[in-house]
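Visitor: Need a 3D model of the sequence below.
(one chain, ligands or ions: 1)
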Amino acid sequence: MADRASNEAAKQAKDADAAAKRAGRAATEELPDVGLFWRWAGQATRPVAGWILIALGAIAIVVGYLGVSREALVAKQIPYLVSGGIGGMVLVAVGAFFLGTEDLRRQLLRLDRIEEQVDELHAVLLSRRDAPTRGGNGASGSTVALAGGSTYHRSSCQMVTGKHGVEEVNARAISRRNLEPCGICEPQPVKAG
Ligand SMILES: [Zn+2]
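Guide: Residues are numbered from 1 along each chain as shown. Next comes the predicted model:
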C-alpha cells in the first residue's frame, strides 16, 4: 500500500519534470525568432546610423573650426581642435565603416544568390536524361560503336542512343577497328592489344 503510494508520487514527479522540460524547450525554440528580429533591425538601421554618424562628425568639425577661428589664444583653441577636429573625424570614420560594411555585406549576399543559381542550373543540367556522363561509372560501363563508325562511346552517350546499328564493342574489337574514344561521353580509354 505504502509502496503503491510512493510509486504514484514518483510518477507525478516525473510527469512534472517532463512538463517543465517541454516548457523549457518551447522557450528556447522562440529565441531564434527574437534574434532574427534584432539582426533584421540592426541591418535595417545600419546605413541610417552610418549617415547620421557622418553628419554628426561633419557638424563637430564645422563647430570645432568656428571655435578655433574665434579664439585668438592657442591654448583655448586646443579643446575645439580635439573635440571638433579629432572627434568629428572619428565619427565620420565610424559612419563610413558602417556604410562600407553594409555595402560589402550586400555584395556577398548577391554572390551567394548567384552561386545558388549556378548550383541549381548545374543540377538541372545533370538530371537531364541525355546529359553526357563524365567519369564516375568507370570500367563497368559497356562501350558501344556504330557499325562502320570510327569512334566508340559509353552506351549512354547521346551520339548513339536511339540509332540503328549500335553494337557493343570490347577492347579487342576497339583496337582491331582502330576506334577513337568519343569526345563527348569520354569513355574509359581502352588499351590496345
Ligand atoms: Zn559518345
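Visitor: Up against the ion, what does the chain have?
Guide: His153, Cys157, Met159, Cys182, Ile184, Cys185 (CB under 5 Å from the ion). Every residue, glycine included, has its C-beta placed from N, CA and C.
Visitor: In JSON lines: those residues, plus pLDDT.
Guide: Below are the residues of the chain next to the ion laid out as JSON lines (pLDDT from 0 to 100):
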{"residue": "His153", "pLDDT": "91"}
{"residue": "Cys157", "pLDDT": "87"}
{"residue": "Met159", "pLDDT": "86"}
{"residue": "Cys182", "pLDDT": "90"}
{"residue": "Ile184", "pLDDT": "87"}
{"residue": "Cys185", "pLDDT": "87"}
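Visitor: Tell me which helix or strand comes right after the least confident helix or strand in the chain by mean pLDDT.
Guide: Sorted by mean pLDDT, DSSP states H and E, the helices and strands of the chain end with helix 2-70, the least confident at a mean of 73. Using DSSP states H and E, the helix or strand that follows helix 2-70 in sequence is helix 74-80.
Visitor: Buried residues, that following helix. List them.
Guide: Residues Gln77, Tyr80 are the ones in helix 74-80 that count as buried (16 or more other CB atoms under 10 Å).
Visitor: And for it, what's in contact with it?
Guide: Val63, Gly64, Tyr65, Gly67, Val68, Glu71 (CB atoms under 8 Å, 6 or more residues apart in numbering).
Visitor: run the last query once more with 6 Å
Guide: Gly64, Gly67, Val68, Glu71 (CB atoms under 6 Å, 6 or more residues apart in numbering).
Visitor: Wasn't Glu167 part of a strand?
Guide: Yes. Assessed by DSSP: H, G, I helix; E, B strand; the rest coil, Glu167 belongs to a strand.
Visitor: Which strand residues bridge it?
Guide: The partner list for Glu167 in beta bridges (DSSP bridges) reads Ala145.
Visitor: re the thing from before, identify, from the contacts of helix 74-80, the entry nearest to the ion.
Guide: For the ion, the nearest member of those is Gly64. The distance, counting by CB to the ion, is 75.9 Å.
Visitor: show me what contacts the nearest residue to the closest one once chain neighbours are set aside?
Guide: Distances taken as CB to CB, 6 or more residues apart in numbering put Gly84 closest to Gly64, at 1.3 Å, once the chain neighbours are dropped. Residues in contact with Gly84 (CB under 6 Å, 6+ apart) are Ala60, Ile61, Val63, Gly64.
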